[in-house]
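A.B. asks: Quick one, fold the following:
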Amino acid sequence: MQTVAAIPVVGLLIGCALGLLLPDVPRSAGFAFLALLVSVALWAWQRRQAMALAGAVGAAFLAGGVVLASDAWARAWRPPLRVVFEELARREREEAVLAGRALPEDDSASATLIGRLRADASVGPEGAVSLGLDVTAPARGGVRLTVAGVLAANRVGEWRAGRLVRMPAELRRPSRYLDPGVPDEERALARRGTTLVGTVKSAALVEVVERGGWLSEHAAAARAFVRRAITTSVGHWSARSSAIVTAIVVGDRAGLDRELERRLQEAGTYHVIAISGGNIAILAGLTLIGFRVAGMLGRTAMLSAMAALLAYGYFVGGGASVRRATLMAVVYFGARAVDLRGAPANVLALSAGLLVAAEPLTVVDPGFLLTFGATAAILFTAPVVPLGALPRPVAPLAAMLAASAAAESMLLPVSALLFARVTFAGLLANFVAIPMMAVAQIAGMALVPATAVSPALGAAVGWIAHLGAEGLVRSADVIQVAPFLTWRVAPPSAWAIAAYYGGLVTWWILWRRRAHEATKTRRHEDTKTRRHESGHEDTKARKKVTTGVTTATALRDEDEILAATAAEGRLGRAVRISSSVVALVAALWIALEPSTWWASRGDGRLHVTFLDVGQGDSAFVRFPRGSTLLVDTGGLSAASSFDIGDRVVAPVLRRAGVRRLDSLAVTHGDFDHAGGAQSLISEFRPRDVWEGTPVPPFQLMRDLRAAASAISARWVNLQAGDLVTVDDVQIVARHPRPPDWERQDVRNDDSIVIELLWRDVSIVLTGDIGREVEREIAPLFAASPLRVVKVPHHGSLTSSSPEFVRTLAPRVAVVSVGRGNRFGHPAPDVVDRYREVGAQVFRTDQDGAVTVDTDGYSLVVSTFTGQRVFVKKQMQPRRLEDTKTN
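C.D. replies: Sure, this is the predicted structure:
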């Protein structure tokens, strides 16, 4: 077997994945099973039972992977710092209770931290300074901190990787959004070694206690010099190009703006701006060429290339992508240095095994899956492509296309699962993006010594790097020409992924067996071909062979196909074809999502989901026959780079099978209600966008108007008393009439108020209205036996007056509120008012997304955390089950 290293490595990978799925497996059981399998392997080795030995070795590594991953997850999820943090938070709560102060629901604690910086401080596009810290006191653990204040950017140069720092920080758990289809970012950060996040109030509070080691300090100084050289030489031509070249050469992507990242992701070329396999391959090639020119060949060149790659990996900071690519290259050159010549797949398998053995949690890291998945696809597909039958000028282009297609095919389910995107644009864009990346990297590395010699020479080389970066950006324009090459999808189901890879692997195994059998069958034809090419026939034939190598190669390929077909047999051919059909059907299912077609027809019930968007509002409505309405989109401040619309609301809509929204209602222009709307308008293309009281000077609403106009959506000013009927459900506008003057600022009291009426059910969505508006609109609501109310203004004391609550008399009240919000929402008095009228109160900060399902005569309320409540007319809510999970 050529790829013998795959046996233990595949077992290890599967075991680590199982260890994360089943983290509570007793270690004693894992070790006992491992010992048993080692005994079986030794027995099989002594008896020379090859198949039994392979199976036992693979199973033993699987058992070892389960133990490694479960232990690694326990240490990552609850490191000592997390335990200390929970104790500090508990003490602060007790002190607050004694002092009579109200505390937010989420834990937070103040602590003085001492630790070493993982990487150089980075400055984001919005100017925020971020620090990654390996804390040693008060306990060990990883944190990510944001340094506030205008002084932070001026001190970035002091905060270098490896330095010991001390600072007081306000710590908290990472933000998490408890919605269906939304990834758990807290767990993702824990897998990457970050258990807490926090804020430092001022750069003046960050004290550098100790510098790093000699090598670390010189590497940091070199990185700083490279950044300055790139900023000076490339930034002279374009700030955007400077940020791209910095990302390619040094691996620092902090300067990239969101729009550029989005364009490259859509085009499938975002990978080229990261220090990864392609960049390391270029550096390795340049290093070998340099040694060859210098006359250093063989083992010396291999060892020197290894040293150069390790030095470069250390210089750029040793991120995960750097470690992966560098390890693969070093393993390959190391094998060549000691004259071990095996299949390239063995190098890939050994590299993956070493990485996962050292860091078991990387088995589910997106970068790991993408890197090794794409590389494996290229290695295993290369023998399938008959490049010999193509003309020489075409063969390299065909090889690049085949490699891109193989990588896209292998990673189709992975991309859909991790990024909710399917893109084929990379098949075309990579023809431009990869060469342009090479130009940008080579010129970016060359401009550093050029700048040291002469600023003018550095600017000239910087212009070449700028051209490479600009060409890389322009390669993404393929999306503008052919937007159908990329689209967003819901995460695929486990069975679809299993069917896809099962069919693909089965097809590959049978194809390899077919090719092996074909080799024996065509030996006779190969002998005749060699005689023909050797020239034992007449002179005319000899000339034809000399000038027609391509034709002869094509004939051999045809003979191979015929021989393989004869050797395979009917059964093998049927299984191979069937497995390819299974893989194709699974791929189409993942890419086209036929389940969304069924969801779009509705199920005869009305569904309203109040999303957990933090301190904001968003409610998704699915009508009985499948029509859709989204009321508000959540959002953070204008300065935040986190797009709640794209990162939180959109995954919920995709999971619900929404391809296009029928209507989007923006109750008012505050960022916590409308901040996520722009990306949602772009992706889900609502037919109508509803606005209440216009505020022409407000920039956010002007941007939304422009986005709606770009997709030809109808902009509707919803007026008081307007009535719209959708799938027999009445949508009534209950907010007051617009003012007689033009608003200059957004006001909470100008919120749209919508009542959904269907049979015996009334669902009231109130925006952020205050008591004055409540008093005005309360008489408009008729009594309803089954009423659900979205509590106004997140449960603020300025809303939900006793009269308003008594008039509406809801059976269910939902508070959309953020964890640990600084406003103290919801006010305890407000919650008590709703409970006093018999309402069951749900909160998105505690319960996650809250979904109300109704047939018009009863309500079923379910939460993300596992509660389920059944409500009938004239009855108090009866809890069926109440099992909360975090």
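
A.B. asks: the strands in the stretch 501-650 of the chain, which residues?
C.D. replies: Using DSSP state E, counting those that start in this stretch, the strands of the stretch 501-650 of the chain run over 606-610, 619-622, 628-631.

A.B. asks: which one of those is the most hemmed in?
C.D. replies: Most buried of those by mean neighbour count (mean count of other C-beta atoms under 10 Å) is strand 628-631; its value is a mean of 26. To be clear about C-beta, it is placed using only N, CA and C from the backbone, and glycine gets the same treatment.

A.B. asks: who touches that strand?
C.D. replies: Identification of contacts with strand 628-631 by C-beta atoms under 8 Å, 6 or more residues apart in numbering yields 617-623, 649, 653, 658, 661-665, 667, 680, 684, 686, 726, 731, 752, 754, 765.

A.B. asks: roughly how far is it from the heart of the chain?
C.D. replies: Here the centre of strand 628-631 is set off from its chain's centre by 25 Å, with C-alpha atoms, centre = their mean, to the nearest Å.

A.B. asks: Which neighbours in the sheet does it have, and how are they oriented?
C.D. replies: Its sheet considered, strand 628-631 pairs with strand 619-622 (antiparallel), strand 663-666 (parallel) by DSSP bridges.

A.B. asks: what does the next helix or strand after the last one rub up against?
C.D. replies: Per DSSP states H and E, strand 663-666 leads on to helix 671-674 as the next helix or strand towards the C-terminus. Contacts to helix 671-674, defined as C-beta under 8 Å, 6+ apart, come from residues 613-618, 632-638, 666-668, 700-701, 704, 751, 767-768.

A.B. asks: Check which residues of stretch 479-487 are buried.
C.D. replies: By neighbour count on 16 or more other C-beta atoms under 10 Å, the buried set for stretch 479-487 is 479, 485-487.

A.B. asks: Which two of those residues have the greatest separation?
C.D. replies: Within the buried residues of stretch 479-487, two members stand farthest from each other by C-beta to C-beta: I479 and W487, at 10.7 Å.

A.B. asks: Are any of the contacts of helix 671-674 buried, and if so which?
C.D. replies: For the contacts of helix 671-674, buried by 16+ other C-beta under 10 Å: 613-618, 632-636, 666-668, 700-701, 704, 751, 767-768.

A.B. asks: Can you list which of the residues you listed are found in helices?
C.D. replies: Among these, the residues falling in helices (DSSP state H) are 700-701, 704.

A.B. asks: which residues does W237 contact?
C.D. replies: By C-beta under 8 Å, 6+ apart, W237 lies in contact with 462-463, 466.

A.B. asks: tell me the domain boundaries of the chain?
C.D. replies: Following automatic domain parsing, one finds the domains of the chain at 6-77, 102-212, 497-592, 596-880.

A.B. asks: looking at those domains, which has the lowest confidence?
C.D. replies: Among these, domain 497-592 carries the lowest mean pLDDT, at a mean of 67.

A.B. asks: S578 and V356, how far apart?
C.D. replies: As judged by C-beta to C-beta, to the nearest Å, S578 and V356 stand 33 Å apart.

A.B. asks: what about those two, which has more around it?
C.D. replies: V356 (24 against 14; other C-beta atoms under 10 Å).

A.B. asks: Do I have it right that that one meets V10?
C.D. replies: No - applying C-beta atoms under 8 Å as the test, V356 and V10 come out as separate, 10.8 Å apart.

A.B. asks: Give the other helices and strands that the helix or strand hosting A433 contacts.
C.D. replies: For A433, the host element (DSSP H and E) is helix 426-453. Contacting helix 426-453 under the criterion 3 or more C-beta pairs under 8 Å, 6 or more residues apart in numbering; DSSP states H and E are the following elements: helix 214-233, helix 239-250, helix 258-267, helix 277-293, helix 395-419, helix 455-475.

A.B. asks: Show me how far the second one is from its chain's centre.
C.D. replies: Computed by C-alpha atoms, centre = their mean, the chain-centroid distance of helix 239-250 equals 22 Å.

A.B. asks: Give me the buried positions along it.
C.D. replies: Using 16+ other C-beta under 10 Å as the test for burial, helix 239-250 gives 240-250.

A.B. asks: could you dump those to TSV with distance to L62?
C.D. replies: Formatted as TSV, those follow (distance: C-beta to C-beta, whole Å):
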residue	distance to L62
R240	47
S241	48
S242	48
A243	44
I244	42
V245	44
T246	42
A247	38
I248	38
V249	40
V250	39
